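Chemist: Predicted model and sequence follow; I will ask about them next.
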Amino acid sequence: RTYSTYCVGNLRVQWRTGNPEIDRRYESAWMSTMDTIDARGQHHFTKLAKISLSRMLCDGDVFAQKIDSAGIGQLGIVEADRVTNSGGGSLGADKKDLIGGIRIDGNGRPIAYRICKRTPYGSFEDPVELSASDGLHVWDTDRADSYRGVTAFASVLNAMRDLKEILHAETIGVKANSKLALIVKSLSGGVSTGAGDVELFDNGSTSQSASTQVNAQEISDGVMQYMFPGEDIHAHSSDRPSAAWQGFVDWLVGMVAIGLDLPKSVVWSMSGLGGAAARFEIQAAGRTFASVQDILERKLLVPVAAWTTAKQIKSGRLPFHPNWSQFKFQRPPFVSVDLGRDSKSGIEENLSGMLTAQEWFAESGQDFFEETEQLAKEASFRMEMAAKYKVPIGSIRQTTPNGNPVDQVEPKEPDTDDETRTT
């Protein structure tokens, strides 16, 4: 879930048709579309995108069906196991033109997805072939001949199983040790019944109360213990989980992080890392997140935005513009361990001309045009308030690095005869 949060932002789209009014209409329509795009009426599109990404990482891939609902585009998410060769069981062998539930043509191009219903017993029934043009396949692969994705954890499944078993076993051991308060050495090797006879290894003896058994006993507060010579009593202690065990778990977590193509410190803990090392690890994680964002945009986000917008243009809900397909998704803020340092660096790069204001705002998940318009509105309002109450504009907001008010000077027309003027 955290992984998908780093990769999926608010999914706002910035249109660049060249007509600001049409851009705003397209963007407003998209925001409304995200609210109603789930065919089941349960999730916002941002949630569907996060679910799709999670399923791609865990299952290898996920599918989406395009649905026309009274001229409005909607999506139905189809989990990976429902796209299968099987038509009435749990297994199905590949065929020449049907591989992993994907039907292909003579050139190896997917032309249809074979989708089945899942029964309560884990098998599949009622297969229906969905045209590839009416569906989306969200996946990634490292092989050119692949038609289905593989879980990101394929290379570390054994390590994950080992980690699960070790955690379970160690949890039992820690719980068992935490229930032992005292260890008593007795001559009889058990708890006296009070009658002088001790029945060793008979914890179910009816002559004892439920709280007092032969080799285990519950005691109350303020108990005085009498012992024979040679007997002893001491508090029980345990070093579980041991440092060696924790080191082994740390190593296994590092193996799991490899499956996600992330540094172990980002997945587990950054303790012990210096500032430079931490920034290097975060940058490496940022490159992985950016790569996953590329896949998600290419396989899901851009096709969905284009499809739903085209449908609204065709139905007359939106005006047509030749550049209607010129848009870009706004990505989430970059991951950072030092926001102050990164912000200062970004400002310096912007002032020196090495970074555009649009790029700088995008790094924090904001839109340059919207933020600039808001800044202009705020500046106009401050000037209005300064004139209304007859106070310097600098007393409302500090606008210079040294804290001095900014002098309000009327702009002067440049002297065209002055050859030494500067721009």
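Modeler: Arrived safely, thanks for sending.

Chemist: For the stretch 101-250 of the chain, which segments are assigned as helices?
Modeler: 157-178, 243-259 (DSSP state H, counting those that start in this stretch).

Chemist: Throw the ones you listed into CSV and include mean pLDDT and distance to residue 58, thanks.
Modeler: The C-beta positions use only the backbone N, C-alpha and C, and glycine is treated the same way. CSV is the format used below for the helices of the stretch 101-250 of the chain (pLDDT from 0 to 100; distance: least, CB to CB, whole Å):
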stretch, mean pLDDT, distance to residue 58
helix 157-178, 87, 11
helix 243-259, 85, 11
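
Chemist: Distance to residue 391 and mean neighbour count added to the ones you listed, as a markdown table?
Modeler: Formatted as a markdown table, the helices of the stretch 101-250 of the chain follow (distance: least, CB to CB, whole Å; neighbours: other CB atoms under 10 Å):
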| stretch | distance to residue 391 | mean neighbour count |
| --- | --- | --- |
| helix 157-178 | 64 | 13 |
| helix 243-259 | 57 | 15 |
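
Chemist: Please, where are all the strands along the stretch 151-300 of the chain?
Modeler: All strands of the stretch 151-300 of the chain, identified by DSSP state E, counting those that start in this stretch, fall at 182-185, 212-213, 216-217, 232-235.

Chemist: Helix or strand next in line after whichever helix or strand residue 348 is part of, which one?
Modeler: Using DSSP states H and E, the element containing residue 348 is helix 339-351. Downstream of helix 339-351, the first helix or strand assigned by DSSP H and E is helix 357-363.

Chemist: Quick check: mean pLDDT of that following helix?
Modeler: Averaging pLDDT along helix 357-363 gives 75.

Chemist: Give the other helices and strands that that helix contacts.
Modeler: Here helix 357-363 is seen to pack against helix 339-351, helix 368-389 when contacts are counted using 3 or more CB pairs under 8 Å, 6 or more residues apart in numbering; DSSP states H and E.

Chemist: buried stuff in the last one?
Modeler: The one in question is helix 368-389. For helix 368-389, the neighbour count (16 or more other CB atoms under 10 Å) marks 369, 386 as buried.

Chemist: Give the rounded mean pLDDT of that helix.
Modeler: Helix 368-389 comes out at a mean pLDDT of 87.

Chemist: ok, now stretch 313-330?
Modeler: The pLDDT scores in stretch 313-330 average 94.

Chemist: least reliable of the strands of the stretch 151-300 of the chain going by mean pLDDT?
Modeler: Mean pLDDT is lowest for strand 212-213 out of the strands of the stretch 151-300 of the chain, coming in at a mean of 50.

Chemist: For stretch 331-346, which outside residues touch it?
Modeler: Residues from elsewhere that reach stretch 331-346 (CB atoms under 8 Å, 6 or more residues apart in numbering): 5-10, 270, 275, 278-279, 282, 285-286, 289-290, 293, 355, 360, 362-365.

Chemist: If we use 10 Å, what do you get?
Modeler: For stretch 331-346, contacts defined as CB atoms under 10 Å, 6 or more residues apart in numbering pick out 5-12, 266, 270, 273, 275, 278-279, 281-283, 285-286, 289-290, 293-294, 297, 354-355, 357, 359-366.

Chemist: Drop anything exposed from those.
Modeler: Using 16+ other CB under 10 Å, the buried members of the contacts of stretch 331-346 are 6-9, 11-12, 266, 273, 278-279, 281-282, 285, 289, 293, 297, 355, 360-363, 366.

Chemist: Now the terminal residues of stretch 69-83, how far apart.
Modeler: Its first and final residues considered, stretch 69-83 spans 23 Å by CA to CA, to the nearest Å.

Chemist: what distance separates that stretch from the middle of the whole chain?
Modeler: Taking CA atoms, centre = their mean, to the nearest Å, one finds the center of stretch 69-83 at 22 Å from the center of the full chain.

Chemist: try stretch 288-307
Modeler: How far stretch 288-307 lies from its chain's middle: 15 Å, per CA atoms, centre = their mean.

Chemist: What of stretch 59-72?
Modeler: 21 Å.

Chemist: What residues of that stretch count as buried?
Modeler: For stretch 59-72, the neighbour count (16+ other CB under 10 Å) marks 59-66, 72 as buried.

Chemist: Residue 255: which of these is nearest?
Modeler: Among those, residue 60 lies closest to residue 255 (CB to CB), at 19.1 Å.

Chemist: From residue 79, how far off is the closest one?
Modeler: 11 Å (CB to CB, to the nearest Å).

Chemist: What is the neighbour count of the nearest residue to residue 98 once chain neighbours are set aside?
Modeler: In this structure, residue 98 finds its nearest non-sequential neighbour in residue 85, 5.6 Å apart by CB to CB, 6 or more residues apart in numbering. Residues lying near residue 85 (other CB atoms under 10 Å) number 20.

Chemist: And residue 107, how far from residue 97?
Modeler: For residue 107, the distance to residue 97 (CB to CB) stands at 11 Å.

Chemist: ok, those two, which is more surrounded?
Modeler: Legend: neighbour count by other CB under 10 Å for residue 107 and residue 97, higher for residue 97 (13 against 6).

Chemist: So that one sits against residue 114, correct?
Modeler: No. Using CB atoms under 10 Å, residue 97 makes no contact with residue 114, being 11.0 Å away.

Chemist: Now the common contact residues for the two.
Modeler: Residues touching both residue 97 and residue 114 by CB under 10 Å, 6+ apart: residue 103.

Chemist: tell me the pLDDT at residue 207?
Modeler: pLDDT, residue 207: 45.

Chemist: quick one: residue 304 is in a strand?
Modeler: No. Residue 304 sits outside any strand when classified using DSSP: H, G, I helix; E, B strand; the rest coil, being helix.

Chemist: Give me the spatial nearest neighbour of it, chain neighbours excluded.
Modeler: Distances taken as CB to CB, 6+ apart put residue 75 closest to residue 304, at 6.7 Å, once the chain neighbours are dropped.

Chemist: Helix, strand or coil: sort out the one you found for me.
Modeler: strand.

Chemist: in the sheet, who's paired with it?
Modeler: For residue 75, the beta-bridge partners are residue 38, residue 66 (DSSP bridges).

Chemist: That one - how many residues pack around it?
Modeler: With other CB under 10 Å as criterion, residue 75 counts 23.

Chemist: That one against residue 42, yeah?
Modeler: No. Counting by CB under 10 Å, residue 75 does not reach residue 42; the two are 11.6 Å apart.

Chemist: can you list residues touching both of those two?
Modeler: Counting by CB under 10 Å, 6+ apart, the residues touching both residue 75 and residue 42 are residue 48.

Chemist: where does this structure dip in pLDDT?
Modeler: 87-91, 187-227, 338-339, 365, 398-423 (pLDDT under 70).
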